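In: sequence first, then the predicted structure, then my questions.
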Number of protein chains: 2
Amino acid sequence: MDETSRIFEQVAHYFSLLADPTRLRILSCLCSEERPVHEVVESIGLTQANISRHLNILYRAGVVDRRREGSAVYYRVIDPNFVDICRTVSITVASRDIGEAMGLIPSKH
Amino acid sequence: MDETSRIFEQVAHYFSLLADPTRLRILSCLCSEERPVHEVVESIGLTQANISRHLNILYRAGVVDRRREGSAVYYRVIDPNFVDICRTVSITVASRDIGEAMGLIPSKH
DNA sequence: TGACTATATAAGTATGTAGTTATACATTGA
DNA sequence: TCAATGTATAACTACATACTTATATAGTCA
């Protein structure tokens, strides 16, 4: 595969990280603050195994980082562009309301 | 499904459009100017059926528009945020070089 | 109308991946 | 060390979709 092909593959792979509603939920949850896995699980309401799987995908891709504290593992978003991209897309897809619903845009009240 | 779920589904779906290397190639090809299908096919070097399928996906999603002129159908990008998003991601993923390689950032020489 | 070019679509295969269940591993505290 | 809690992983199923081949549709020009 040539250089250009590799580039398109990489960019497509990055978008594929954001192309899953569960991962968007997780990232929205971690957007404002660092959180341990069990809090994300409670917040989203899916199985622990599933959330853990997605967190690992995001970690390996460098979108989030993690640290252990006692028996808990805390995750946080480190990709500086993630929030910007999601904000742009959420506005593109529908409206400012979506950005608010996803926790990406502060609501005004 | 509740309102919030629908929102995450929609945003994920938008990202999924960009999560395929072939569609990124097509969009990169159409980025600077309107082009008929056969030109896109020649430019990318995949089968006509495949390109046509992807163009339809992009059309139904509102990322591109099309018009018939004689026997040819011309496609063009109409989503105003697409180029911005791709530019941001391409820089995130690696470097400014990627943005140039994808035709999203003008190279300087 | 018939031949030709341009584009779209249908049917099929193959592959990737989200989610589940069950289980393993790690840490803490009694 | 044992029980309890928190997290990760393995094996599996189900489903979506990218790509191919073959064919259909649409337009042009003789």
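Out: The structure has been received and is ready for your questions.
In: CA only for contacts and neighbour counts going forward, please
Out: Noted.
In: quick one: low-confidence parts of chain A?
Out: Residue ranges of chain A with pLDDT under 70: A:1, A:92-109.
In: quick check: residues of it near chain B?
Out: Proximity of chain A to chain B (C-alpha under 8 Å from any C-alpha of the partner chain) is limited to residues A:4-5, A:7-16, A:18-22, A:24-25, A:81, A:85, A:88-90, A:92-93, A:98, A:101-102.
In: also near DNA strand D: which of those, exactly?
Out: Among the residues of chain A next to chain B, not one lies near DNA strand D by C-alpha under 7 Å from any atom of the strand.
In: which of those fall in helices?
Out: With helices taken from DSSP state H, the overlap with those comprises A:4-5, A:7-16, A:21-22, A:24-25, A:85, A:88-90, A:92-93, A:98, A:101.
In: of the residues you listed, buried ones?
Out: Buried by 16 or more other C-alpha atoms under 10 Å in any protein chain shown: A:7-16, A:21-22, A:24-25, A:85, A:88-90, A:92-93, A:98, A:101, out of those.
In: host element of the residue positioned nearest the centre of chain A?
Out: Geometric centre of chain A, nearest residue: A:L27, 2.7 Å, by C-alpha atoms, centre = their mean. In the assignment (DSSP states H and E), A:L27 maps to helix A:21-31.
In: can you get me a residue count around A:Y59?
Out: 17 (other C-alpha atoms under 10 Å in any protein chain shown).
In: A:R68 too?
Out: Neighbourhood size, A:R68 [other C-alpha under 10 Å]: 10.
In: contacting residues for the nearest residue to A:E9 once chain neighbours are set aside?
Out: Leaving aside its sequence neighbours, A:E9 sits nearest to B:P21 (C-alpha to C-alpha, 6 or more residues apart in numbering or on different chains; 5.3 Å). By C-alpha atoms under 8 Å, 6 or more residues apart in numbering or on different chains, B:P21 lies in contact with A:S5, A:F8, A:E9, A:V11, A:A12.
In: change it to 7 Å
Out: Applying C-alpha atoms under 7 Å, 6 or more residues apart in numbering or on different chains, one finds that B:P21 lies in contact with A:F8, A:E9, A:A12.
In: again with A:I26
Out: For A:I26, the contact set (C-alpha under 7 Å, 6+ apart) comprises A:V40.
In: give me phi/psi at the residue in chain A positioned nearest to DNA strand C?
Out: Using C-alpha to the nearest atom of the strand, the closest approach of chain A to DNA strand C is made by A:G70 at 3.2 Å. Reported as degrees, to the nearest 10, the phi and psi values for A:G70 are phi 70, psi -130.
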